[in-house]
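[1] Here is my input, please return the structure:
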Amino acid sequence: MRHRVALLITLASLTSGAAVALGDNWPLWRGPNNDGISQDKNLPVEWSETKNIAWKLPLPPGKAGSTPVVWGERIFLPVVDGKDIALWCVGTEGQVRWKSKLGASGRIKVNPSEANDASNSAGTDGKRVYIFDGGGDFVCFDMDGKEIWRFNVIERYGQFKSNWGLHTTPLLHGDRLYLTLLHYFGQWIIALDTATGKEVWKAVRQTDAQGENTNAYTCPVLWQNAKEPCLVVAGCDYITGHRIEDGGELWRLHIDAKGSRNIRVISSPVATPEVLVAGNWRGDGPLFAIKPGARGTIQPGDAFVQWYLPKAAPDVPTPLIHDGLVYLCKAEFGLLTCVDLATGNELYKQRLHGVKYRASPVYADGKIFVTSHDGHVSVIKPGPKFEQLADNTLDDYFSASPAIAGGRIYLRGWGNSPHLYAIEARAK
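    Just a heads-up that it's a prediction; the model follows:
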């Protein structure tokens, strides 16, 4: 659910030299380039409990919002299994291949109405799989489930306190993992070595935010642009860009909270080489398009702010950028808004389904998939005019964003009898 991160990464640096074609894997919670886009083809437009389901695997009950990640014939997802948090490896044939314990559940306060301790997505580079759970355990396994390293974030970095739990998915890039800890007791950005889990650097993220404004559940993103690649973090009344070498701050955009102290941020930024799109308020907050090359403090009206929409930011789902358009899904109302990436002009606003939306929209095979809380997945044709291709329903509830790999859509449910669904175009 949280996990909402979006960034532009080159596949070569992501896989550290592994030869793999785009579309073969979904190694991060937002896909091969962490932007919610897959190159997969031949995906179904329609499905149901009895149509285009390759298989469905029962999962333990609980509101886990983590997106499955896929590498080759392995699917990785954390689960709360009884009193334990575990990482499951599921084969693409639909059978559990191994389970490895992460830690005990229930050690940090989690609001049970929205999530549990398995709401952070894993990440994999094809050599190792990395998972950070809601109890603070950060663990690395090899692809067969053998533990390589582990540590507990609270033991290493101090007591954690936020209103909704320890929910953020670290960014995997090359030989580094980037973790943000933004909460009542402190705000830090941390770089870790993927081979050992040891700290490479730790940077304090300065803020004058107060109250719940100090809490953020966003994921850091890497903005690959022509000026200078930078690590972008949203939350705590600011959007900031940092050097990837040491975490030093390059620029920041301040968001005026207008006296409010209950503005926690969940939706993560998304980027193309030319522009970064990010918001910083819950609900109807501001959304910004930022140009590369900024330094120091910037604000609306500056040359580096391409456009600014005062009431457009989604609360939970991370935006999707495709073919010069930005797609925004309102968390509570099921409104899909499309705006022009160059100008910020609104092209349409359409209600899909009047319930909560927690999953982030994804694109593949000429289709946009938008997943609601109560099992509806709207299939939308990309473009400046709204066109719905299908509205599909499954007997489950969903907070996790879809994963797309190997000609399949994987949906992770959390209802009373939750399942992991593998959806593909089946022969008639």
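[2] Quick check: next helix or strand after the worst-scoring helix or strand of the chain on mean pLDDT?
    Lowest on mean pLDDT, DSSP states H and E among the helices and strands of the chain sits helix 11-15, with a mean of 32. Downstream of helix 11-15, the next assigned helix or strand under DSSP states H and E is strand 53-58.
[3] What residues sit buried inside that following strand?
    Residues 53-57 are the ones in strand 53-58 that count as buried (16 or more other Cβ atoms under 10 Å). C-betas here are computed from N, CA, C, even on glycine.
[4] Who are the packing partners of it?
    strand 419-423 (3 or more Cβ pairs under 8 Å, 6 or more residues apart in numbering; DSSP states H and E).
[5] Can you pull out the residues in contact with the strand it packs on?
    44, 47, 52-59, 68, 75, 77, 90, 92, 94, 394, 396, 408-413 (Cβ atoms under 8 Å, 6 or more residues apart in numbering).
[6] how about 6 Å then?
    For strand 419-423, the external contacting residues (Cβ atoms under 6 Å, 6 or more residues apart in numbering) are 47, 52, 54-59, 408-413.
[7] what does stretch 401-413 give?
    25-26, 38, 40, 42, 67-68, 70, 359-360, 362, 364, 369, 396, 398, 400, 419-424.
[8] Show me which of these are buried.
    Using 16+ other Cβ under 10 Å as the burial test, the contacts of stretch 401-413 include 25-26, 38, 40, 67-68, 70, 359-360, 362, 364, 369, 396, 398, 400, 419-424 as buried.
[9] At which residues are the strands of the stretch 251-400 of the chain located?
    270-271, 276-279, 285-290, 296-298, 305-313, 320-322, 325-329, 335-340, 346-351, 362-364, 367-371, 376-380, 388-393 (DSSP state E, counting those that start in this stretch).
[10] Can you list the strands that the helix or strand just after the last one pairs with?
    Going back to what we said before, that points to strand 388-393. Using DSSP H and E, the helix or strand that directly follows strand 388-393 along the chain is strand 403-405. As defined by DSSP bridges, the strand partners of strand 403-405 come to strand 408-412 (antiparallel).
[11] now the angle from the partner strand to strand 367-371?
    Using axes from the mean of the first three to the mean of the last three Cα atoms, to 10 degrees, the direction of strand 408-412 lies 10 degrees away from that of strand 367-371.
[12] Which positions within strand 408-412 qualify as buried?
    408-412.
[13] in the stretch 51-200 of the chain, which spans are strands?
    Under DSSP E, counting those that start in this stretch, the stretch 51-200 of the chain gives strands at 53-58, 69-71, 74-81, 84-91, 96-104, 123-124, 128-132, 137-142, 147-152, 171-173, 176-183, 186-193, 199-204.
[14] Can you list the strands that the last one pairs with?
    Put plainly, it is strand 199-204. Under the rule (DSSP bridges), strand 199-204 has strand 186-193 (antiparallel) as partners.
[15] hang on, the earlier thing: how about TSV for the buried residues of strand 53-58, with pLDDT and distance to Asn225 added?
    Compiled in TSV, these are given as follows (pLDDT from 0 to 100; distance: Cβ to Cβ, whole Å):
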residue	pLDDT	distance to Asn225
Ile53	98	41
Ala54	97	39
Trp55	98	41
Lys56	97	41
Leu57	98	40
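[16] Of those, which is the nearest to Thr124?
    Using Cβ to Cβ, Leu57 is the member of these that lies nearest Thr124, at 18.9 Å.
[17] now the closest one, which residues is it bridged with?
    Beta-bridge partners recorded for Leu57 (DSSP bridges): Leu420.
[18] Could you do Asp391 as well?
    Ser378.
[19] Next up, the contacts around Ala234.
    218, 265, 269, 278, 280.
[20] try it again with 8 Å
    By Cβ under 8 Å, 6+ apart, Ala234 lies in contact with 216, 218, 240, 265, 267-269, 278-280.
[21] same thing with Gly324?
    For Gly324, the contacting residues are 340-342, by Cβ under 8 Å, 6+ apart.
[22] go on, Leu177?
    Contacts for Leu177 (Cβ under 8 Å, 6+ apart) come out as 123, 130, 170-171, 191-194.
[23] Got the confidence number for the residue nearest to Leu172 when sequence neighbours are not counted?
    Among residues not flanking Leu172 along the chain, Gly123 sits closest, at 3.9 Å (Cβ to Cβ, 6 or more residues apart in numbering). On pLDDT, Gly123 comes in at 98.
[24] I figured Gly123 was touching Gly31, is that so?
    No: at 11.3 Å, Gly123 does not count as touching Gly31 under the criterion of Cβ atoms under 8 Å.
[25] So for the two, which sits in the more crowded spot?
    Gly31 (29 against 25; other Cβ atoms under 10 Å).
[26] mind listing what that one touches?
    Gly31 sits next to 37-38, 362, 403-404 when contact means Cβ under 8 Å, 6+ apart.
[27] again, 7 Å this time
    37-38, 362 (Cβ atoms under 7 Å, 6 or more residues apart in numbering).
[28] How much space separates the residue nearest to Phe76 when sequence neighbours are not counted from Gln95?
    Spatial nearest neighbour of Phe76, chain neighbours left out: Ala122 (4.5 Å); criterion: Cβ to Cβ, 6+ apart. Applying Cβ to Cβ, to the nearest Å, the value for Ala122 to Gln95 is 18 Å.
[29] Which one's more surrounded, these two?
    The residue with more neighbours, out of Ala122 and Gln95, is Ala122; 28 against 9, by other Cβ under 10 Å.
[30] Could you tell me the phi and psi values at that one?
    phi -80, psi 180 (degrees, to the nearest 10).
[31] Just to check, it is in contact with Arg74?
    No: between Ala122 and Arg74 there is no contact under Cβ atoms under 7 Å: 10.6 Å.
[32] pLDDT below threshold where in the stretch 151-300 of the chain?
    Scanning the stretch 151-300 of the chain for pLDDT under 70 picks out 281-283.
[33] please redo it, this time with the cut-off set to 50
    The model of the stretch 151-300 of the chain has no residue with pLDDT under 50.
[34] The stretch 301-428 of the chain now?
    Using pLDDT under 50, nothing in the stretch 301-428 of the chain is flagged.
[35] at 90 what do you get?
    The model of the stretch 301-428 of the chain has pLDDT under 90 over residues 301, 311, 313, 315, 330-334, 353-355, 415-416, 426-428.
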